[in-house]
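S.K.: just coords:
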């Protein structure tokens, strides 16, 4: 489904909580459903995207607890700066997709106990992207409307991004044509600083120190803001006769990926749900076949989660299968060769500089494509780009391959580069750029992946390269720091041993010597140990740092 699928999952998923009494049993409510998304990047403008959708929604109230919904006639339009210089000024062309519609248009059921979300049911074979689309719509039409008349109230809601506190404002107004009718206008604001659970990968910027001499990374905290307004109408003026007329939502997410150029990303979405007609139910919406039940409306990126889950480092990331992504080896080879052709090799063994034209469009696409490959596909790219390169271009091709693969951060690519460095097929001069790349590129933190990196750091080959070995251990501790930071925000994605610092202490004992030994090593090694201790943030680390600070024989440095 590619980026379009992931984008629309985000767009459809910026909504609300539990539809209370805003429908009648035996009636079908038909809505138009439209939305627009803008993805804006301050530095990597090739990633700027505008996407829109339009569709119809059928909703049926089964009983006091259950609602059946179905998305129909879904059409999408997408444009980005890879194909258009300014997405804002391009007219969108909408088109349907039979494969997408086949899954999206299967009905789903939202259940609630009273006015509180209970569970979400869908077809068991729905791919993750389809589940997320439906969760997004369920979030949008789920309204918390207590029967009391308080104008301001709060509750805890399950949303696409997490389970968080929400603030509501209610106002009553006369109907614009019917004097007997009652209109209820609701506004909901979600406080994303007060969440008991956060959806997968929504963890903010990465604070740990990945290297000793690198400059401070320009990061920005992940921030959310959303406002959704609802208009409900009761033709009789009675609360029990309320039905949902319109929904208008606007959300903004701002995040600075941990990039060296200070790239800030903003995602702006708008949505509208408009009642078109109410009619008697002619066809009951139901789920045919096995069902999958979800207890939260949080977005998922893969079916299997958890730091300790078993993975195969040579397989593609789970998201590739779950989202039905189709990467192209042939296209990736062509793009990587074009990217290398844009490099200026005057920097010698340093990271190459780009010239002649802006390569960011190609860079973004090739990193994205590489992130979806398994080991065999990664090897096919390596063979075509590096092995078959002319002798005078091999080093430059190695540099491009390593930097792109590391930035892609996928398990198979990480393992492949490690294997090729150890076999001598990739020059050891690129170890540092590989380590920096995976520190910011790796997003799927698992015990298996981190163990592969640690084994590489402590391998016999790395013992021959002292400087690179120390950099490797520092990068590893920064990843451990991130795993334990994730555990504090979203426990199911972190290492359980982060609690009470078990994992951090284990890593400290394994990698950092006592202070008396550390101060006898080179100044560069001592500086690295200090940063490693800072990443781990344990009581042992504090004692280690304190001993270094108070050792008069040590030359203090910032």
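M.R.: Ah, there it is. Since this is a predicted model, take the numbers as computed values, not measurements.
S.K.: I'd say residue 67 and residue 60 touch.
M.R.: Yes - counting by CB atoms under 8 Å, residue 60 is a contact partner of residue 67 at 6.9 Å. No exception for glycine: its C-beta is placed from N, CA and C like everyone else's.
S.K.: mind giving me the packing neighbours of the strand or helix carrying residue 193?
M.R.: Using DSSP states H and E, residue 193 sits within strand 182-198. Secondary-structure packing of strand 182-198 (3 or more CB pairs under 8 Å, 6 or more residues apart in numbering; DSSP states H and E): strand 162-174, strand 220-234.
S.K.: from those, which stretch is densest packed?
M.R.: Highest mean neighbour count among these (mean count of other CB atoms under 10 Å): strand 220-234, with a mean of 18.
S.K.: who are the packing partners of that one?
M.R.: Applying 3+ CB pairs under 8 Å, 6+ apart, we find strand 220-234 packed against strand 182-198, strand 243-256.
S.K.: tell me which of these sits nearest to residue 40.
M.R.: For residue 40, the closest of the helices and strands packed on strand 220-234 is strand 243-256, at 9.6 Å, according to CB to CB.
S.K.: related to what we said a few turns ago, make CSV out of the helices and strands packed on strand 220-234 and add distance to residue 52.
M.R.: As requested, the helices and strands packed on strand 220-234 are exported to CSV (distance: least, CB to CB, whole Å):
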stretch, distance to residue 52
strand 182-198, 23
strand 243-256, 14
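S.K.: please dump those into TSV; it should also carry mean pLDDT, mean neighbour count and distance to residue 40 for every row.
M.R.: Below are those laid out as TSV (pLDDT from 0 to 100; neighbours: other CB atoms under 10 Å; distance: least, CB to CB, whole Å):
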stretch	mean pLDDT	mean neighbour count	distance to residue 40
strand 182-198	84	17	20
strand 243-256	82	19	10
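S.K.: between these, which one is closest to residue 311.
M.R.: Using CB to CB, the helices and strands packed on strand 220-234 put strand 182-198 closest to residue 311, at 21.9 Å.
S.K.: where do the strands sit along the stretch 51-200 of the chain?
M.R.: Here the stretch 51-200 of the chain has its strands, by DSSP state E, counting those that start in this stretch, at 66-80, 95-96, 108-113, 116-123, 152-158, 162-174, 182-198.
S.K.: turn these into JSON lines, including distance to residue 289.
M.R.: Listed next are those as JSON lines, based on distance: least, CB to CB, whole Å:
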{"stretch": "strand 66-80", "distance to residue 289": "15"}
{"stretch": "strand 95-96", "distance to residue 289": "24"}
{"stretch": "strand 108-113", "distance to residue 289": "12"}
{"stretch": "strand 116-123", "distance to residue 289": "6"}
{"stretch": "strand 152-158", "distance to residue 289": "25"}
{"stretch": "strand 162-174", "distance to residue 289": "29"}
{"stretch": "strand 182-198", "distance to residue 289": "29"}
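S.K.: residue 399 is nearest to which of those strands?
M.R.: Going by CB to CB, the one of these nearest residue 399 is strand 66-80, 27.4 Å.
S.K.: pairing partners for the closest one, with directions?
M.R.: Next to strand 66-80 in the sheet, as set by DSSP bridges, lie strand 49-61 (antiparallel), strand 95-96 (antiparallel), strand 108-113 (antiparallel).
S.K.: make TSV out of these and add distance to residue 376, mean pLDDT and mean neighbour count.
M.R.: Below are these laid out as TSV (distance: least, CB to CB, whole Å; pLDDT from 0 to 100; neighbours: other CB atoms under 10 Å):
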stretch	distance to residue 376	mean pLDDT	mean neighbour count
strand 49-61	30	87	21
strand 95-96	33	81	10
strand 108-113	36	81	20
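S.K.: who wins for proximity to residue 538 among those strands?
M.R.: strand 49-61 (41.7 Å).
S.K.: isn't residue 278 right up against residue 26?
M.R.: No - contact criterion CB under 8 Å: residue 278 and residue 26 do not qualify, at 10.7 Å.
S.K.: picking that back up, of the helices and strands packed on strand 220-234, which is nearest residue 31?
M.R.: Residue 31 lies closest to strand 243-256 among the helices and strands packed on strand 220-234, at 8.2 Å (CB to CB).
S.K.: and the helix or strand just after the closest one, what's buried?
M.R.: Sequence-wise, the next helix or strand downstream of strand 243-256 (DSSP H and E) is strand 265-280. Neighbour-count burial for strand 265-280 flags 265-273, 275 (criterion: 16 or more other CB atoms under 10 Å).
S.K.: quick one: which of the residues you listed is nearest to residue 110?
M.R.: For the buried residues of strand 265-280, the nearest to residue 110 is residue 273 (14.5 Å; CB to CB).
S.K.: surely the closest one is in contact with residue 230?
M.R.: No - contact criterion CB under 8 Å: residue 273 and residue 230 do not qualify, at 9.1 Å.
S.K.: joint contacts of these two?
M.R.: Here residue 273 and residue 230 have 244, 246-247 as joint contacts, going by CB atoms under 8 Å, 6 or more residues apart in numbering.
S.K.: now render the residues you listed as TSV, adding distance to residue 395.
M.R.: Shown next, in TSV, are the shared contacts of residue 273 and residue 230 (distance: CB to CB, whole Å):
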residue	distance to residue 395
244	63
246	61
247	57
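S.K.: domain assignment for this structure?
M.R.: Domain ranges of the chain: 27-294, 318-554, per the TED database.
S.K.: and the longest one, how far from the chain's centre?
M.R.: Here the centre of mass of C-alpha atoms in domain 27-294, compared against the chain's by CA atoms, centre = their mean, to the nearest Å, lies 16 Å away.
S.K.: numbering from 263 from now on, please.
M.R.: Shifting the count to begin at 263 puts that one at domain 289-556.
S.K.: okay, now that domain: how far is its last residue from its first?
M.R.: Start-to-end span of domain 289-556 (CA to CA, to the nearest Å) is 26 Å.
S.K.: which secondary element of the protein has the worst mean pLDDT?
M.R.: None of the helices or strands of the chain scores lower by mean pLDDT, DSSP states H and E than strand 615-616, at a mean of 43.
S.K.: quick check: next helix or strand after that one?
M.R.: Per DSSP H and E, the first helix or strand lying C-terminal to strand 615-616 is helix 622-632.
S.K.: state which helix of this protein is the longest.
M.R.: The single longest helix within the chain, with elements called by DSSP state H, is helix 728-751.
S.K.: give the buried residues for that helix.
M.R.: The neighbour-count check on helix 728-751 (16+ other CB under 10 Å) flags 730-749 as buried.
S.K.: likewise stretch 782-799?
M.R.: Neighbour counts over stretch 782-799 (16+ other CB under 10 Å) mark 787-799 as buried.
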